[in-house]
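*Asks:* heads up, no residue letters with this:
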């Protein structure tokens with residue numbers, strides 16, 4: 001962008017301004033909030049942008065060349081459905097409860113502020129309780145519970161040391177279901193090579209090659225890529241068969257690739273070999289081995 005601005009003899013901030021948009025370029029829906037140019041304007045005032053020498057090279061600090069440019073960075077806001085219970089007492093106090101955990105970003109404070117604002121209860125009269133699996137489910141615990149219902153209970157779950165997996169809520173969830181939880185050594189992703197291979201391929205083939213124009217667009221592309229990887233793509237580890245074809249050869253009439261029904265809560269099922277392919281997916285293309 002800065003090189004384009006130099007070629008056009010334009011202020012890089014103004015180049016961004018005339019190309020800025022207040023609507024989603026995919027569906028035309030207006031953004032609820034977009035403050036990018038306000039950020040640029042405030043930064044320009046703070047740095048004295050208007051007083052700079054626009055041509056490259058002439059600004060110096062002793063022997064050092066000084067260059068000013070523009071860049072935009074974003075921090076992802078990842079959202080998943082969650083549930084909470086709010087109890088309002090006759091004494092004018094409120095209690096909000098959820099099995100989510102606070103990783104240090106202020107969930108306790110934000111939930112208290114939200115309940116105070118919506119129920120017109122003084123914030124000091126709001127109690128927030130988090131991190132207990134007896135409370136309404138948070139997103140990670142809820143997704144794992146749904147996965148167990150569909151695929152059966154494993155003996156062990158292996159994960160990295162992300163805070164979403166090391167919380168008391170997740171430890172309690174695993175203990176209540178008698179599932180061992182193994183954490184790989186910090187900085188040793190090869191210890192979870194299967195997942196790292198999946199993550200690496202998704203990064204290389206999809207995330208690094210795609211420009212998403214909204215959350216719905218990203219969800220659709222991710223779902224299509226995962227369906228292809230889990231059902232339709234031949235894998236060398238399966239003898240160059242697709243997971244769907246491999247699973248169909250094992251269990252043509254059930255939903256688990258091992259041929260066993262989903263485990264009840266008191267026992268552990270054999271690990272599924274492949275994801276069940278949706279009934280609507282019929283493309284089970286498999287590579288033919290040469291010769």
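*Replies:* Perfect, I can see it now. No experiment lies behind these values; they were computed from the predicted model shown. Numbering: from 1, shown residues only.
*Asks:* could you list the low-pLDDT ranges of the stretch 151-291 of the chain?
*Replies:* Along the stretch 151-291 of the chain, the model assigns pLDDT under 70 to residues 251-291.
*Asks:* the strands in it, which residues?
*Replies:* Secondary structure of the stretch 151-291 of the chain (DSSP state E, counting those that start in this stretch): strands at 156-159, 180-183.
*Asks:* the first one pairs with which strands?
*Replies:* Each strand that strand 156-159 pairs with, and the sense of that pairing, follows from DSSP bridges: strand 180-183 (parallel).
*Asks:* angles on the backbone of the closest residue to residue 30 other than its chain neighbours, please.
*Replies:* Distances taken as C-beta to C-beta, 6 or more residues apart in numbering place residue 23 nearest to residue 30, at 5.1 Å, with adjacent residues excluded. Yep, even glycine has a C-beta here, placed from its N, CA and C like the rest. Residue 23 adopts backbone torsions of phi -130, psi 160, taken as degrees, to the nearest 10.
*Asks:* tell me who's in contact with residue 23.
*Replies:* Residues near residue 23 by C-beta atoms under 8 Å, 6 or more residues apart in numbering: 29, 30, 31.
*Asks:* is it possible to export these to TSV including neighbour count?
*Replies:* Output for the contacts of residue 23, formatted as TSV (neighbours: other C-beta atoms under 10 Å):
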residue	neighbour count
29	9
30	10
31	11
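*Asks:* secondary structure added to those residues, as CSV?
*Replies:* Listed next are the contacts of residue 23 as CSV, based on DSSP: H, G, I helix; E, B strand; the rest coil:
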residue, secondary structure
29, coil
30, strand
31, coil
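*Asks:* and those residues, which is closest to residue 7?
*Replies:* residue 31 (29.3 Å; C-beta to C-beta).
*Asks:* what's around the closest residue to that closest one other than its chain neighbours, how many residues?
*Replies:* Spatial nearest neighbour of residue 31, excluding adjacent residues (C-beta to C-beta, 6+ apart): residue 22 at 5.8 Å. When neighbours are counted by other C-beta atoms under 10 Å, residue 22 registers 9.
*Asks:* residue 22 and residue 67, how far apart?
*Replies:* 31 Å (C-beta to C-beta, to the nearest Å).
*Asks:* swap in residue 233?
*Replies:* For residue 233 relative to residue 67 (C-beta to C-beta), the value is 46 Å.
*Asks:* neighbour count: these two, which is higher?
*Replies:* residue 233 (16 against 10).
*Asks:* gap between the more buried one and residue 38?
*Replies:* In terms of C-beta to C-beta, residue 233 sits 45 Å off from residue 38.
*Asks:* sorry, back to before: between the strands of the stretch 151-291 of the chain, which one is nearest to residue 214?
*Replies:* Here strand 156-159 is closest among the strands of the stretch 151-291 of the chain (C-beta to C-beta), at 29.5 Å.
*Asks:* contacts for the closest one?
*Replies:* 165, 174, 179, 180, 181, 182, 183, 184, 191, 192, 195.
*Asks:* let's have those in TSV, adding neighbour count.
*Replies:* Output for those, formatted as TSV (neighbours: other C-beta under 10 Å):
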residue	neighbour count
165	16
174	18
179	16
180	12
181	15
182	10
183	15
184	17
191	14
192	18
195	14
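*Asks:* any idea which of these is closest to residue 150?
*Replies:* residue 179 (15.3 Å).
*Asks:* wait, doesn't the closest one sit right on residue 152?
*Replies:* No. Residue 179 is beyond contact range of residue 152, at 11.3 Å (criterion: C-beta atoms under 8 Å).
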